[in-house]
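> quick one, what's the 3D model for this:
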Amino acid sequence: MQANTLTPFQLFGAQVRYVVPIFQRPYVWTLEEQWEPLWGDIRTLAERVLEATGPSYGVPDAPPHFLGAVVLDQQLVPSPYTTVRHVIDGQQRLTTLQLLLDAAQWIVQQHGEPADASALGMLILNNPAVLQHEDEIFKVWPSNPDRNAFRSVMRDDLTPAGDLETARIVVAHQFFATEIEEWAEPSGDPDKTRGRLHALSLVLMQLLKVVVIDLEPGDNAQVIFETLNHRGTPLLAGDLVKNFVFQVAEAEGTDVEHLYWSLWAPFDADSWRRQIKQGRLYRPRIDVFLNYWLAMRRTHDVPTDRVFSDFRDLVSTLGAPINEVVEDLAASARVFDQLDHWPWTSVEGTFAYRALSVMEQYALGPLLLWLLGWDEDRLPVAQRRVALRALESWLVRRMLCRMTAKQVNILVIDLLKDLVAAGPETAGATVVAFFAGHDAESRKWPTDSEVREALRFQPLYTAITRARLRMVLEAIEDRLRTPLSDEQHCGRGAYTIEHVLPQGWGQYWPLPEGDPELLTFERDRVVQRLGNLTLVNNKLNPSLSNRPWTDARAQAVGYGLGKRSLLQQHGTLHLNTRIVTGWPDCWDEECIAVRGEKLADLVLAIWPSADDFVVEVGG
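Predicted coordinates:
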């Protein structure tokens, strides 16, 4: 067999068909496992091209992205004009690549340069003038179950009917088209959009690489397929880095035994190979750490499949002895280990809980390694805590206003560049200035009025996740307990969210006088707002149920105590104490609005505005 590394331009540029045999499984790739990571890697590479060259029209000098391998078996066909190969392995990859190219071509045709659309079009469809059958126009032809869906999207049918609407191939094509259009920003500057789409086109045609293994006569396709898909234990990026480190150490004449036992040995503990959650996916802990560390040191985003190659490039660029690199790596590893062990009431511990555990903003990892890795004589504690509090305020305010959380990884890199340029001594002021200076939608720090408006009208119970809403209520409770100690902390995740005016209010909570339809609509909205939400323990929550507010009304319908009395007897939280003392006789829409304003005041105090932080740092 012969192996060659090809770009999509080389793979699809000729008159060719890659046919998936009927015995192959159908298309099974998914959003979380494959489409999102693939688009994220391609988007990152396109951003690098733009950063390095701008919207130029030459082939960019940027590292390619490796997509994996495919195994092909050439077929003897009667047509003299079209080469046909059976796809022995890699059909999921080839099919996805065609869907991505077609989605990109669709967007480029609408908003980009005609030359780019034409070039992409050559990678999608064969020349129809020399074909014997209309379906031979497709360069990839999937197995039988997927052909109708594939034919539909590749012919630009934007509204596939019936079962095709939910077919994986259709959903994948729609995902890529949506993401590409959003990234290209077609509603903004047309020249900028064309430049971005040109960079993306270059990446898709020239900077993706596939290893193509062509079988020769006598090669056993099945044996090769089984060998390539053998269920072995895969090497981690950390394993590759370790091997490289000690090869370099030997070449430099370093005492490798000392290097291992003094610095590397902790990385061989099982805890570093443990799978940890990263969004919807799980990755080995050491690979996550190396990704953070490399992004911090190189100040650019590091795709998950480039951890080892970026480490190797960094070592080459630094020119420092390998033991110094490993010393820096080990020091950052200690910071990484500490992330889960800061005291609950410290700024650092609170940030780790809220931003990482609850809000799952893992892209902040490189920034945290940088902020927490300096000695106090270089980065004062006060500056570090201003930086963390400002970053937390920015995150929470945007969450409450339901602003996008996309591209935080790019934002983190930009912020790291500012921090490196300014130095650690003024880190807090640098972070505040960075966020306060942005008005773009993706980076805006919401004002007090914007947050208050969101808290006043947003149905928070349905607008954000339960964990994030509980975190907000926990923060309010802790604010009411000030001064706070670990023993007085209300706990993290220990309580459930309760609607004071219940969602099932119809039986025991009568409406006021007026139009029933309109009042019902308004009440169903109001019950989901912040002013109607509190925390209760798991034992109390089921007993509260939908019972009336006062004892008198509860007893009239067969309950011993009303909801207010149960909150008073069993609830130890300040949140509930203030409800039962502030509203002894009724709980209705007006009460919810008043309490909502009071809670909004607390939220704005917990997570201050950009203006408040600018004053604090003397900006």
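
> and the residue lying closest to Trp264 once chain neighbours are set aside, helix, strand or coil?
Of all residues not flanking Trp264 in the chain, Val326 sits nearest, at 6.4 Å (CB to CB, 6 or more residues apart in numbering). To be clear about C-beta, it is placed using only N, CA and C from the backbone, and glycine gets the same treatment. Val326 falls in the helix class when you classify it by DSSP: H, G, I helix; E, B strand; the rest coil.

> ok, Val326 - how many residues close by?
By the criterion of other CB atoms under 10 Å, Val326 has 23 neighbours.

> equivalent analysis for the one 10 residues further on, please.
Number of residues near Phe336 (other CB under 10 Å) recorded here: 21.

> how about it: what's its closest non-neighbour residue?
Nearest in space to Phe336, with sequence neighbours left out and distances taken as CB to CB, 6+ apart, is Phe289 at 5.1 Å.

> what ranges does the stretch 301-450 of the chain have for its strands?
Applying DSSP state E, counting those that start in this stretch to the stretch 301-450 of the chain gives no strands.

> same deal with the stretch 51-200 of the chain?
Going by DSSP E, counting those that start in this stretch, the stretch 51-200 of the chain shows strands at 65-74, 83-89, 140-141.

> and the second one with strand 65-74, angle?
Using axes from the mean of the first three to the mean of the last three CA atoms, to 10 degrees, the interaxial angle of strand 83-89 with respect to strand 65-74 works out to 120 degrees.

> and strand 83-89, what's its mean pLDDT?
What strand 83-89 shows for mean pLDDT is 88.

> try stretch 128-139
Here the average pLDDT along stretch 128-139 is 86.

> buried residues in it, which are they?
Leu131, Glu136, Ile137, Phe138, Lys139 (16 or more other CB atoms under 10 Å).

> the last one reaches Arg17, doesn't it?
So that's Lys139. Yes - between Lys139 and Arg17 there is a contact under CB atoms under 8 Å: 6.2 Å.

> list the contacts of the residue of the chain most remote from its centre.
Each residue of the chain has a distance to the centre, and by CA atoms, centre = their mean the biggest one is for Ala556: 51.7 Å. Counting by CB atoms under 8 Å, 6 or more residues apart in numbering, Ala556 touches Pro548.

> helices along the stretch 201-350 of the chain, start to end?
221-228, 237-251, 256-259, 285-298, 307-318, 322-338, 347-351 (DSSP state H, counting those that start in this stretch).

> out of those, which one sits most buried?
Highest mean neighbour count of the helices of the stretch 201-350 of the chain: helix 285-298, a mean of 23 (counted as mean count of other CB atoms under 10 Å).

> quick one on the thing from earlier: so which of the helices of the stretch 201-350 of the chain comes closest to Gly582?
The stretch from the helices of the stretch 201-350 of the chain with the least distance to Gly582 (CB to CB) is helix 347-351; that distance is 27.5 Å.

> what does that closest one rub up against?
Contacts for helix 347-351 (CB under 8 Å, 6+ apart): Trp342, Pro343, Trp344, Leu372, Arg384, Arg385, Leu388, Arg389, Leu391, Glu392.

> in stretch 494-509, what counts as buried?
So, applying 16+ other CB under 10 Å, buried residues of stretch 494-509: Tyr495, Ile497, Glu498, His499, Val500, Leu501, Pro502, Trp505, Tyr508, Trp509.

> who are the packing partners of the helix or strand Val615 falls within?
For Val615, the host element (DSSP states H and E) is helix 610-617. Here helix 610-617 touches helix 381-400, helix 427-436, going by 3 or more CB pairs under 8 Å, 6 or more residues apart in numbering; DSSP states H and E.

> dump those helices to TSV, plus distance to Gln569, mean pLDDT and mean neighbour count.
Shown next, in TSV, are those (distance: least, CB to CB, whole Å; pLDDT from 0 to 100; neighbours: other CB atoms under 10 Å):
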stretch	distance to Gln569	mean pLDDT	mean neighbour count
helix 381-400	32	96	22
helix 427-436	45	94	23
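
> for the ones you listed, give me a markdown table that also has distance to Glu51.
Below are these laid out as a markdown table (distance: least, CB to CB, whole Å):
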| stretch | distance to Glu51 |
| --- | --- |
| helix 381-400 | 23 |
| helix 427-436 | 18 |
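
> Gln75: which of those helices is closest?
helix 381-400 (54.4 Å).

> what is the closest one packed up against?
helix 347-351, helix 365-372, helix 427-436, helix 448-457, helix 466-480, helix 610-617.

> just the residues contacting the third one, thanks.
It refers to helix 427-436. So helix 427-436 is contacted by 371, 374, 379, 382-387, 390-391, 394, 414-415, 418-419, 422, 443, 445, 610-611, 613-614, 616-619 (CB under 8 Å, 6+ apart).

> pairing partners for the residue nearest to Asn538 when sequence neighbours are not counted in the sheet, please.
Nearest non-adjacent residue to Asn538, counting by CB to CB, 6+ apart: Thr496, 5.9 Å away. Beta bridges link Thr496 to Val536, judged by DSSP bridges.

> quick check, Thr496 in contact with Leu544.
No - taking CB under 8 Å as the definition, Thr496 is not a contact partner of Leu544, at 10.2 Å.

> overlap of the contact sets of the two?
Common neighbours of Thr496 and Leu544 (criterion: CB under 8 Å, 6+ apart): Val536.

> which positions within stretch 471-479 qualify as buried?
So stretch 471-479, judged by 16+ other CB under 10 Å, has buried residues Met471, Val472, Leu473, Glu474, Ala475, Ile476, Glu477, Asp478.

> what pLDDT does the fifth one get?
At Ala475 the predicted local distance difference test score is 94.

> for it, list the residues it contacts.
By CB under 8 Å, 6+ apart, the contact set of Ala475 is Arg354, Val603, Ile606.

> what's the spacing between the second one and Arg553?
To Arg553, Val603 is 32 Å away according to CB to CB, to the nearest Å.

> with just CA atoms, put stretch 119-135 into CSV.
The C-alpha trace of stretch 119-135 is given here as CSV (Å, rounded to 0.1, in the frame of the first residue of the first chain):
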residue,chain,number,x,y,z
ALA,A,119,-12.7,27.1,-6.1
LEU,A,120,-14.7,25.4,-3.3
GLY,A,121,-17.3,24.3,-5.8
MET,A,122,-14.7,22.3,-7.7
LEU,A,123,-14.0,20.3,-4.6
ILE,A,124,-17.7,19.4,-4.2
LEU,A,125,-19.1,18.4,-7.6
ASN,A,126,-17.6,16.6,-10.6
ASN,A,127,-18.0,17.9,-14.2
PRO,A,128,-21.5,16.8,-15.2
ALA,A,129,-20.6,16.8,-18.9
VAL,A,130,-18.6,13.5,-18.7
LEU,A,131,-20.9,11.6,-16.3
GLN,A,132,-23.0,8.5,-17.1
HIS,A,133,-25.3,8.9,-14.1
GLU,A,134,-26.5,12.0,-12.3
ASP,A,135,-25.4,10.8,-8.9
